[in-house]
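Asker: any chance you can model this:
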Amino acid sequence: MYLYHSKSKELKNYRYANGQSGLNSNYVRSLALDTENRLWVGTYGGLNVYQEETDSFSSIKSSEIQEGSLSQNSVRSIFKDSQGGMWLGTYWGGLNYYHPLCNRFQRIKHVPFLNSLSYNVVSCIVEDKKHNLWIGTSGGGLNYYDNESQSYQNYLFNSGNLDVPVTDIKTVYVDEAHNKVYVGSHAEG
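Answerer: A predicted model of the protein is given here:
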C-alpha cells in the first residue's frame, strides 16, 4: 500500500515484510475510512486498521475460537454505512458487520433454505437512501437487503440471448435521482 503526501510529494510504501510494517499481506483489495477517520485496509491476510498517530497498523484476523472475530481473513470489500457501521465482504466468509458501540464483528452468511445472503463470496456493498444494502457476490448474483423487514431478495441476470445467469457481480452503483441501480459483472458487462 502506498501513502502519497500531496504537499511534500513524498511517497511511502507499506509492505508486509515479516510483520514489520503491520500489514498482514501485500495483496490489498479494499480501502475505507471509518467514523474516526481511520483507514481500514482489506487484504488477503485479514483486516488492517491504520493508526496515523503512530504510523502503524492494527491487524485483525479470523479466529474460530474467538467470539466476534472476522469470519474469514480474505477481505474483498469494505463499506461504511450511514449509521457508522462497517461492512466487510469476505472470500467464503460472507459478510461481517462491525459497529463501534459493539466492538465486535457480527457474521452474516448464506444459510441454505432460509432467507439469507445468496453466497459467501462478497465482492461489493453499497447503501441506498433508505438504508437498504445492495450486496454483490462472486457466484450468487446481487442481493438486496431490506433494512426494515430484515429480509434478502436475490437477483440473477441473463447474459444476452442466453439463459445463463450472471452471478459474478463486481460493482454496484445506486442512482437515486433516476431510481436506477447499475450493476457491473465479471466478463458479462
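
Asker: low-confidence stretches in this structure?
Answerer: 18-21, 161-162 (pLDDT under 70).

Asker: at 50 instead, please
Answerer: For the chain, no stretch has pLDDT under 50.

Asker: nearest the geometric middle of it, what residue?
Answerer: residue 77 (2.5 Å; Cα atoms, centre = their mean).

Asker: list the beta-bridge partners for the closest residue to residue 106 other than its chain neighbours.
Answerer: Nearest-residue entry for residue 106: residue 97, 4.5 Å, with adjacent residues in sequence omitted and distances by Cβ to Cβ, 6 or more residues apart in numbering. The way it works is simple: take the backbone N, C-alpha and C, and place the C-beta from them, glycine included. Beta-bridge partners for residue 97, by DSSP bridges, are residue 87, residue 106.

Asker: ditto for residue 138
Answerer: residue 168.

Asker: what number of residues lie near it?
Answerer: 21 (other Cβ atoms under 10 Å).

Asker: residue 37 too?
Answerer: The number of residues packed near residue 37 is 7, by other Cβ under 10 Å.

Asker: next one: residue 23
Answerer: The burial count assigned to residue 23 is 23, neighbours taken as other Cβ under 10 Å.

Asker: so how far is residue 36 from it?
Answerer: Distance of residue 23 to residue 36, given as Cβ to Cβ, to the nearest Å: 20 Å.

Asker: tell me the spacing between the residue nearest to the centre of the chain and residue 31.
Answerer: Separation of residue 77 from residue 31 (Cβ to Cβ): 10 Å.

Asker: now residue 97
Answerer: 18 Å.

Asker: look at these two and report which has more neighbours.
Answerer: residue 97 (16 against 12).

Asker: OK, contacts around that one?
Answerer: When contacts are counted by Cβ atoms under 8 Å, 6 or more residues apart in numbering, residue 97 touches 85, 86, 87, 88, 105, 106, 108.

Asker: could those go into CSV alongside distance to residue 121?
Answerer: Converted to CSV, the contacts of residue 97 look like this (distance: Cβ to Cβ, whole Å):
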residue, distance to residue 121
85, 21
86, 19
87, 15
88, 13
105, 17
106, 18
108, 13
